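*Asks:* heads up, no residue letters with this:
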């Protein structure tokens, strides 16, 4: 019984390590192909498809997050007479953590899933094999443009998220919590430094990279049939979100020491 | 042109192919026949480097390819074309873009020149004027023909066909057979065709190789295969219940 449990855990650990190794190899191969001139048409297409199309859902998510975080912060801060700090706290939380992480999670759900489903269905219908037979490297053709698009577009989405989250906070602070417009904005300028925003954008680049590489890896290793594509898509989203949360902690540790 | 030397291929410890020795000469059409699951498609995938053999060597135009990197393999693959069992058309592109794909990627031709070749190739496969149609709007036979038009667009020296007539009606199968023979006649390509349709095999083959249980059990001209004394070969050709049914039938005839 005990042996069976240990064996099962051992198998899972080996599988996990194998997968991690393959992801690192895919990342290495992708970075290797970055030395060549990327297919700009494909990169721009992916930027529009993966980035611009995600903007509405990112804005909606972050707007309400900014609003709710201000609602909770303002209610507590007002009790202690610290309403002059609300704007700054919300802005810092937004720039450093909430905007990059939530944007990452939303993009992982939308874009990561789309990348895996698209590449996965190409795999099961032999389109990836057709690319290889036609002397096209699938990493160069499929992975590189998606990686570039995600690494460029997720930080851009985070810039919009920073703005809309702070605006959401401003609306709740001024209309609900009776904090003056001047106090809220002054608090932001007092508390926030450029590095808060830059740190968030650096995180966003990492998250974009995680979403693209995991999405492509899961797509390229999809099992047989529609069920395989479904499983790969779910695994892609789950893995990306977990990696975003884990890497976020370590990035915060490094970036905001 | 193509040479397989002592090829063995296993998946998860189970051997699919064992000790395969096979040579395809320049300009020849070799048809590989055999029951489903006998390793025919695996053989084709080894020839184009989609799979690497567990043992043995694959030689294409005098170059051993089983140890090449993907980038070096691509240099060899430029001279090869393949028609997949389920066509494998790029479903995000139109028919015209599918056929033009290799030309755009590997040549410096102008769009006008590419358009001319696409139009000519689609006309050749009986699909003139279908450039702007999406693959999901086509029937199975039409997809196979587009796949063929795409494969021959870059004028390969070697063509590989994986079950080109599977799932098609007899008329469409005949059309595909004629296109394969045309590609050979017009372009002079060396072809390897995997099929289990005996009528197609006998029509298009210069030589036939029968694969069974992961081994090549017979290679010869169409006549030699038809006259084969091997009960397994005859069982497959005649569609008999078992090899012993052929042995019984032969003894009755004598």
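*Replies:* Cool, got the structure. None of the values given here were measured: they were computed from a predicted structure.

*Asks:* so what's the residue count around residue 54?
*Replies:* Picked chain A for this. The tally of other residues near residue A:54 (other Cβ atoms under 10 Å in any protein chain shown) stands at 20. For every residue, glycine as well, the C-beta is placed using N, CA and C.

*Asks:* um, chain B though
*Replies:* Neighbour tally, residue B:54, other Cβ under 10 Å: 15.

*Asks:* in contact with it, which residues?
*Replies:* B:8, B:9, B:10, B:15 (Cβ atoms under 8 Å, 6 or more residues apart in numbering or on different chains).

*Asks:* same thing but at 6 Å, please
*Replies:* Counting by Cβ atoms under 6 Å, 6 or more residues apart in numbering or on different chains, residue B:54 touches B:8, B:9, B:10.

*Asks:* by neighbours, which of these wins?
*Replies:* residue B:9 (22 neighbours).

*Asks:* would TSV of the contacts of residue B:54 with distance to residue B:36, secondary structure and pLDDT be doable?
*Replies:* Below are the contacts of residue B:54 laid out as TSV (distance: Cβ to Cβ, whole Å; DSSP: H, G, I helix; E, B strand; the rest coil; pLDDT from 0 to 100):
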residue	distance to residue B:36	secondary structure	pLDDT
B:8	20	strand	89
B:9	17	strand	88
B:10	19	strand	87
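
*Asks:* of those, closest to residue A:37?
*Replies:* Nearest to residue A:37 among the contacts of residue B:54, counting by Cβ to Cβ, is residue B:9 at 37.1 Å.

*Asks:* how about the closest one: what's its closest non-neighbour residue?
*Replies:* residue B:17 (4.2 Å; Cβ to Cβ, 6 or more residues apart in numbering or on different chains).

*Asks:* likewise for residue B:36?
*Replies:* Closest to residue B:36 by Cβ to Cβ, 6+ apart is residue B:196, at 6.8 Å.

*Asks:* tell me the SS of that neighbour?
*Replies:* Of the three states, residue B:196 takes coil under DSSP: H, G, I helix; E, B strand; the rest coil.

*Asks:* could you do residue B:166 as well?
*Replies:* coil.

*Asks:* so what's the residue count around the nearest residue to it once chain neighbours are set aside?
*Replies:* Of all residues not flanking residue B:166 in the chain, residue B:85 sits nearest, at 5.9 Å (Cβ to Cβ, 6+ apart). Neighbourhood size, residue B:85 [other Cβ under 10 Å]: 17.

*Asks:* go on, residue A:74?
*Replies:* 25.

*Asks:* kindly report the same for residue A:39.
*Replies:* Using other Cβ under 10 Å, the number of residues around residue A:39 comes to 16.

*Asks:* which parts of the stretch 151-254 of chain B are helices?
*Replies:* B:170-187, B:198-204, B:222-226, B:231-238, B:243-253 (DSSP state H, counting those that start in this stretch).

*Asks:* nearest to residue A:17, of those?
*Replies:* Proximity to residue A:17 (Cβ to Cβ) singles out helix B:231-238 among the helices of the stretch 151-254 of chain B, at 44.9 Å.

*Asks:* please identify the buried residues of the closest one?
*Replies:* By 16 or more other Cβ atoms under 10 Å in any protein chain shown, the buried positions in helix B:231-238 come out as B:231, B:232, B:233, B:234, B:235, B:236, B:237.

*Asks:* over to stretch B:131-138?
*Replies:* Buried residues in stretch B:131-138 (16+ other Cβ under 10 Å): B:131, B:135, B:138.

*Asks:* picking up where we left off before, of all the helices of the stretch 151-254 of chain B, which one is nearest chain A?
*Replies:* helix B:170-187 (15.9 Å; Cβ to the nearest Cβ).

*Asks:* centre-most residue in the chain?
*Replies:* In the absence of a named chain, this looks at chain A. Geometric centre of chain A, nearest residue: residue A:104, 2.2 Å, by Cα atoms, centre = their mean.

*Asks:* should've been chain B
*Replies:* In chain B, the residue lying closest to the centroid (Cα atoms, centre = their mean) is residue B:161, at 1.9 Å.

*Asks:* check what pLDDT it gets.
*Replies:* Note on residue B:161: pLDDT of 91.

*Asks:* so it sits against residue B:83, correct?
*Replies:* Yes. At 4.7 Å, residue B:161 counts as touching residue B:83 under the criterion of Cβ atoms under 6 Å.

*Asks:* picking that back up, number of nearby residues for the residue nearest to residue B:36?
*Replies:* With other Cβ under 10 Å as criterion, residue B:196 counts 17.

*Asks:* if I look at it, how far off is chain A?
*Replies:* Going from residue B:196 to chain A by Cβ to the nearest Cβ, to the nearest Å gives 19 Å.

*Asks:* number of residues surrounding the nearest residue to residue A:158 once chain neighbours are set aside?
*Replies:* Closest residue in space to residue A:158, ignoring its immediate chain neighbours: residue A:204 at 4.2 Å, by Cβ to Cβ, 6+ apart. Neighbour count for residue A:204, taken as other Cβ under 10 Å: 27.

*Asks:* tell me the SS of residue A:204?
*Replies:* helix.

*Asks:* what's the distance between residue B:133 and chain A?
*Replies:* Taking Cβ to the nearest Cβ, one finds residue B:133 at 17 Å from chain A.

*Asks:* got the contact list for that residue?
*Replies:* Applying Cβ under 6 Å, 6+ apart, the residues contacting residue B:133 are residue B:95.

*Asks:* per-residue pLDDT of it, please?
*Replies:* At residue B:133, the pLDDT recorded in the model is 92.

*Asks:* secondary structure element holding it?
*Replies:* With elements delineated by DSSP states H and E, residue B:133 resides in a region that no helix or strand encompasses.

*Asks:* what helix or strand is the closest residue to residue A:136 other than its chain neighbours located in?
*Replies:* Spatial nearest neighbour of residue A:136, excluding adjacent residues (Cβ to Cβ, 6+ apart): residue B:105 at 6.0 Å. In the assignment (DSSP H and E), residue B:105 maps to helix B:95-106.

*Asks:* state the next helix or strand along the chain beyond the helix or strand containing residue A:146.
*Replies:* Assigned by DSSP H and E, residue A:146 belongs to helix A:144-175. Sequence order places helix A:181-191 as the next helix or strand after helix A:144-175, per DSSP H and E.
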